[in-house]
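Asks: Predicted structure and sequence below. I'll ask about it afterward.
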Amino acid sequence: MTQVQRPLVIQSQLTRIYCPLQTRTRHAFSRHGLHKLLHTKTVTEADIARLASRPLHPLTLADLVRHGRPPLSAPALYSSANFTLSILPTRLAHRIQSLRNLPFIVVANPHINRIHNNYIHSLSTLLPWAEKEIATLEDEVKFTEVIADLVQTHSNTISILARGFLEARKYISPKEVTRFLDEHLRARIGTRLVAEQHITLHLSSQPHRELLSSSTSAHEDSAQPASSYIGVIDTKLRPASVITHCESIVSEICELKYGVRPHVVINGEPDYTFAHVPVHLEYIITELLKNAFRATIESGKEREPIEVTIAPLPEDDVCEQNENNSTKFISNTDQGNIDVASKTFTGQDVSDTPSAAASEMIRPLADSTPGVTIRIRDRGGGISPENYAHIWDYSFTTFNDDQVSMTLAGGPASKSSSGMDALNAISGPGGEGMNSLAGLGYGLPLGRAYAEYFGGGIAVQSMWGWGTDVYLSLRGVGEID
Ligand code: ADP
Ligand code: K
Ligand code: MG
């Protein structure tokens, strides 16, 4: 048996504002010096084979909220811990196997290999709990440390994988990388949701009240009242507030780097609220605004506002299950709306199918769950037909830093990027890269992965030579009592 120690820290500024409870996780643990050496058990090939042969439990939103509203009683907290424990080892083993299925020379890349080893590490910290039933406060605290370590260990996965695939790009095609990452990053979204949900419930629960009250003072002025949260879900999330917040971040980047600051106009129904995971929405909106701002600046149209329209779904919209058992919208195409299910636009020859890994999706609690479409419209010149075919590939980007400065200085724009320099720009909720306008081409595909996770989607409509409309559809997580 070996022992490891890892610090439990970090959370992006965004998360701090919109998800106060989540932030408390690391503060509470680190401030009170609760992180100790974690027990590990060596992971054998037999462990991986056994766990990976188990089917994945299809996650539902009901799973995330079924332990009730915080503060949880001790038994409810133990049941959350036991549920988390029942889910995670299988999920990690599936990821390990999928990494091993990559071409050998790709897995041998030090960065990809590091991710593989991170999964082995996390599994080794969960195995000692394998046959246990968590039924005491002491065990629950120890187990939550293991889960916090897991979240921390995997926090930079996206930028590390991006670097690895960039270095290994001679040995694997962009389409193969996209297929792998679509599945891998989606699975990661689910694993993190389960882990962070438990951590957050833990910190807001009865038996830990004392710990909580002495560690939250710094966050009491947070933008959202904690009472609207169930773990990581905000039951009263207001997309307009998220948009305004993300706008300020993206325009700050533009101002600092390029000296111009395009602005956003929000219309439609800004007062609309629904239940969703704030960090997911923040990630998506930030990436979409970055794209719109960048195009607007590059085409010298920074005086033209970026128009964001918030359109709640009509009450009588129905929600159907398709053969994949994943949820889709049936929208009223007669009114010229987009049909998010097939990602086609009525009357136009654009087909943009949902990604293949759409089965890794959380289903809404009920068919009557609310939803919203958010359209982001820019005058940035649109996307050329040859680029349009690649925008959903992880790593496809037309960005390079010189291009923007040259365009702003009135020089010619090149249409390629080496990619390596842009690594700093990779971002994800809680990840790095918040300070770059564009990067390695992960914004759209990863944004779509987050949107599809709850049965939504992203569709991009380009009017080449004029501008781009991006339709982000989100299905709320339903009525939660
Ligand atoms: P990145 O922004 O890092 O390049 P994305 O996946 O966000 O990666 O976008 C991929 C590419 O799609 C961009 O490089 C750009 O060429 C194109 N694109 C995305 N959104 C827009 C937009 N609103 N206007 C023009 N081009 C866009
Ligand atoms: K891309
Ligand atoms: Mg982008």
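Replies: Okay, I see it. Ligands and ions are numbered 1, 2, ... in the order given.

Asks: Show me which residues of the stretch 351-481 of the chain are close to ligand 3?
Replies: 438, 443 (CB under 5 Å from the ion). Bear in mind the C-beta positions are built from the backbone N, C-alpha and C, glycine included.

Asks: So, low pLDDT: which residues of the stretch 351-481 of the chain?
Replies: Where the stretch 351-481 of the chain drops to pLDDT under 70, the residues are 351-369, 401-435, 478-481.

Asks: What parts of it come near ligand 1?
Replies: Applying CB under 6 Å from any ligand atom, we find that the stretch 351-481 of the chain lies next to ligand 1 at 378, 380, 383, 387, 391, 396-399, 438-441, 443-444, 468.

Asks: Skipping adjacent residues, who's closest to the residue of the stretch 151-300 of the chain found nearest ligand 3 in space?
Replies: Closest contact between the stretch 151-300 of the chain and ligand 3, by CB to the ion, is at Asn291 (4.4 Å). Spatially, and ignoring its direct neighbours in sequence, Asn291 is nearest to Gly443 (6.1 Å; CB to CB, 6 or more residues apart in numbering).

Asks: residues contacting the one you found?
Replies: Going by CB atoms under 8 Å, 6 or more residues apart in numbering, Gly443 touches 287-288, 290-291, 427.

Asks: ok, so of these, who is nearest Thr136?
Replies: Using CB to CB, Ser427 comes nearest to Thr136 of the contacts of Gly443, at 39.3 Å.

Asks: From the domain annotation, what segments belong to each domain of the protein?
Replies: Per the record, the chain has its domains at 2-230, 233-328+363-475, by automatic domain parsing.

Asks: check whether the longest one contacts ligand 1.
Replies: No - no part of domain 2-230 sits close enough to ligand 1 to count as contact by CB under 6 Å from any ligand atom; the gap is at least 10.5 Å.

Asks: so where do the strands sit in the chain?
Replies: Here the chain has its strands, by DSSP state E, at 3-4, 38-39, 229-230, 233-237, 264-268, 274-276, 306-312, 318-321, 327-330, 338-339, 344-345, 371-378, 457-463, 467-475.

Asks: I'd like those laid out as a markdown table, including distance to ligand 2 and mean neighbour count.
Replies: Below are these laid out as a markdown table (distance: least, CB to the ion, whole Å; neighbours: other CB atoms under 10 Å):
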| stretch | distance to ligand 2 | mean neighbour count |
| --- | --- | --- |
| strand 3-4 | 36 | 11 |
| strand 38-39 | 37 | 18 |
| strand 229-230 | 32 | 23 |
| strand 233-237 | 26 | 21 |
| strand 264-268 | 22 | 16 |
| strand 274-276 | 24 | 24 |
| strand 306-312 | 19 | 21 |
| strand 318-321 | 29 | 12 |
| strand 327-330 | 23 | 20 |
| strand 338-339 | 20 | 20 |
| strand 344-345 | 20 | 18 |
| strand 371-378 | 16 | 23 |
| strand 457-463 | 10 | 22 |
| strand 467-475 | 13 | 24 |
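
Asks: Distance check, His198 against Leu72.
Replies: 10 Å (CB to CB, to the nearest Å).

Asks: So for the two, which residues contact both of them?
Replies: Listed as contacting both His198 and Leu72 by CB under 8 Å, 6+ apart are Ser80.
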